[in-house]
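Student: no sequence on hand, only this structure:
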């Protein structure tokens, strides 16, 4: 929660579970601030008028620059529905503006053209440039590009095919209804079409990313397990959880005994420490 506040995120503490899940989502969205390698998808075409701008932004991000100003202005408000394309496919879209947003200087000016990419811990994988209208959030072409270039990011079901086909618009409607959709890709080497999912496992009925909910659940389950283990050892325990520079400690305040030390969850440090 403190991490979210330090990063200027807007959220209600009335639903702390949702707040933490969406803080985890924001942290995953902006990624680490370390240096990254840029990779372009095969046959990518960036119009000449945007090429220099795209190169400048990617150079900045590859050197550890903050991606937040290029994201949607809504990304810091965790009380509203989050980016469903990112939650479903792990794909981000960034704006290409040069000047600060006139109403919100934390962000750059909005542009019709958007750069679609995957932002990993060590790489930025660029899918292509798409226009805001018509909307491109649910194009099957995008997941096909991910498979063609980085199949390790895809979970394949090679013996499965969809019984019912649907178009990009229908896929978008399913997503807005918070339905996880199985997609299909074409494999050139085998001349075969089969079902796939992105490895982040799609979206939950709340609209949140399944991977963030699972991370939150794993953290809670670990803490419940540790709490139970400590109480079995010492019913009079007054153990508390502490954090220092990304390292978490569970300390028994009565016995001054440390039960556990480790990395519970890694958040990006502003100072790069």
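Tutor: Perfect, thanks for sending it. Everything numeric in this text was worked out from a predicted model, so none of it was measured. Residues are numbered from 1 along each chain as shown.
Student: give me the nearest residue to residue 241, chain neighbours excluded.
Tutor: residue 250 (5.7 Å; CB to CB, 6 or more residues apart in numbering). All C-beta spots, glycine's among them, are computed from the backbone N, C-alpha and C.
Student: by contact count, what packs against the one helix or strand the one you found maps to?
Tutor: Taking DSSP states H and E as the criterion, residue 250 maps to strand 247-252. In this structure, strand 247-252 packs against helix 210-233, strand 239-244, strand 257-262, with contacts taken as 3 or more CB pairs under 8 Å, 6 or more residues apart in numbering; DSSP states H and E.
Student: in that strand, what counts as buried?
Tutor: By 16 or more other CB atoms under 10 Å, the buried positions in strand 247-252 come out as 249-252.
Student: next one: stretch 227-238
Tutor: In stretch 227-238, counting by 16+ other CB under 10 Å, buried: 230, 237.
Student: and what of stretch 163-171?
Tutor: Across stretch 163-171, burial judged by 16+ other CB under 10 Å covers 166, 168, 171.
Student: in helices only, show me those.
Tutor: Counting by DSSP state H, those place 168, 171 in helices.
Student: which one of the buried residues of stretch 163-171 is nearest residue 87?
Tutor: Taking CB to CB as the measure, residue 87 lies nearest residue 171 of the buried residues of stretch 163-171, at 14.0 Å.
Student: quick one: list the elements packing against the helix or strand harbouring residue 127.
Tutor: Assessed by DSSP H and E, residue 127 sits inside strand 123-131. Contacts defined by 3+ CB pairs under 8 Å, 6+ apart place strand 123-131 against strand 37-40, helix 48-62, strand 113-119, helix 140-149.
Student: just checking, what packs against the longest one?
Tutor: Translated: helix 48-62. Helix 48-62 packs on strand 37-40, strand 113-119, strand 123-131, going by 3+ CB pairs under 8 Å, 6+ apart.
Student: any residues touching the second one, and which ones?
Tutor: Okay, so that is strand 113-119. For strand 113-119, the surrounding residues in contact (CB atoms under 8 Å, 6 or more residues apart in numbering) are 29-31, 50, 54, 57, 61, 67, 90-96, 124-132, 136, 142, 146, 150, 153.
Student: what pLDDT does the model give residue 271?
Tutor: For residue 271, the pLDDT comes out at 41.
Student: actually residue 220, not the one I wrote
Tutor: Predicted confidence (pLDDT) for residue 220: 91.
Student: which stretches of the stretch 151-273 of the chain have low pLDDT?
Tutor: 261, 268-273 (pLDDT under 70).
Student: follow-up on the earlier one: give me the buried entries from the contacts of strand 113-119.
Tutor: Judged by 16+ other CB under 10 Å, buried ones among these: 29-31, 54, 57, 61, 67, 90-96, 124-130, 136, 142, 146, 150, 153.
Student: dump the buried residues of strand 247-252 to a markdown table, plus distance to residue 16.
Tutor: Shown next, in a markdown table, are these (distance: CB to CB, whole Å):
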| residue | distance to residue 16 |
| --- | --- |
| 249 | 22 |
| 250 | 20 |
| 251 | 23 |
| 252 | 25 |
